[in-house]
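S.K.: predicted structure and sequence below. I'll ask about it afterward.
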Amino acid sequence: MTEETPKARSYRRTVNRINKVITGLQRLGIAFGPMQLLTVAGRRSGQPRTFPIAVLPLTGGEYLVQAFQNAAWVANVRAAGTATLSRGRRSSTVRLIEVPVEERRPLLREVVETQPASAAQRYVTNGLADAPTPDAVAAAADRIAVFRVEAV
């Protein structure tokens with residue numbers, strides 16, 4: 001499951017267009033849902049890169065969960081360790097701790113069980129999981145990065 005399918009590419013393009021709108025609204029101070037802006041230093045350039053991302057309240061805290069293969073924010077966070085999360089006009093510096101694979105499984109199961117069905121389907125569409133079920137998404141824990149959000 002390393003090759004991005006045409007359906008996944010199309011989905012990613014659509015999400016990228018929507019993300020531009022979400023980013024603009026957030027910068028205007030309009031916050032909604034679990035969406036926040038993640039700003040992290042680029043792993044190669046060192047320049048700040050901003051991504052709209054859902055911060056999910058799960059057992060034990062708040063988490064960021066990868067939804068796309070080769071997501072740039074994942075590589076940037078792994079390199080930087082700290083980032084800024086902004087919601088509306090408020091922002092805070094956070095440490096993002098990558099959760100070990102075995103500890104991801106129950107968290108991913110919880111995501112599928114507590115979020116809308118479209119969240120689970122997204123992992124299948126994007127080639128990260130084989131089926132939109134709690135067990136299938138949990139089984140893909142080695143392909144889905146999960147980061148715990150901690151205050152600095």
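M.R.: Structure received. Please read these numbers as outputs of a predicted model, since none were measured by experiment.
S.K.: any regions of this protein where pLDDT drops low?
M.R.: 1-3 (pLDDT under 70).
S.K.: apply 90 and report the result again.
M.R.: 1-35, 70, 81, 88-90, 119 (pLDDT under 90).
S.K.: which parts of the longest strand along the chain are buried?
M.R.: Longest strand of the chain, by residue count under DSSP state E: strand 90-98. For strand 90-98, burial by neighbour count (16 or more other Cβ atoms under 10 Å) applies to 94, 96, 98. The C-beta positions use only the backbone N, C-alpha and C, and glycine is treated the same way.
S.K.: so the first one bridges to which residues?
M.R.: Judged by DSSP bridges, the bridge partners of residue 94 are residue 83, residue 151.
S.K.: wouldn't it be in contact with residue 147 here?
M.R.: No. If you go by Cβ atoms under 8 Å, residue 94 and residue 147 don't touch, sitting 9.4 Å apart.
S.K.: for residue 98, which residues are in contact?
M.R.: Going by Cβ atoms under 8 Å, 6 or more residues apart in numbering, residue 98 touches 77-78, 145-147.
S.K.: just the helices from this structure, written as ranges.
M.R.: 6-27, 72-80, 101-114, 117-125, 134-139 (DSSP state H).
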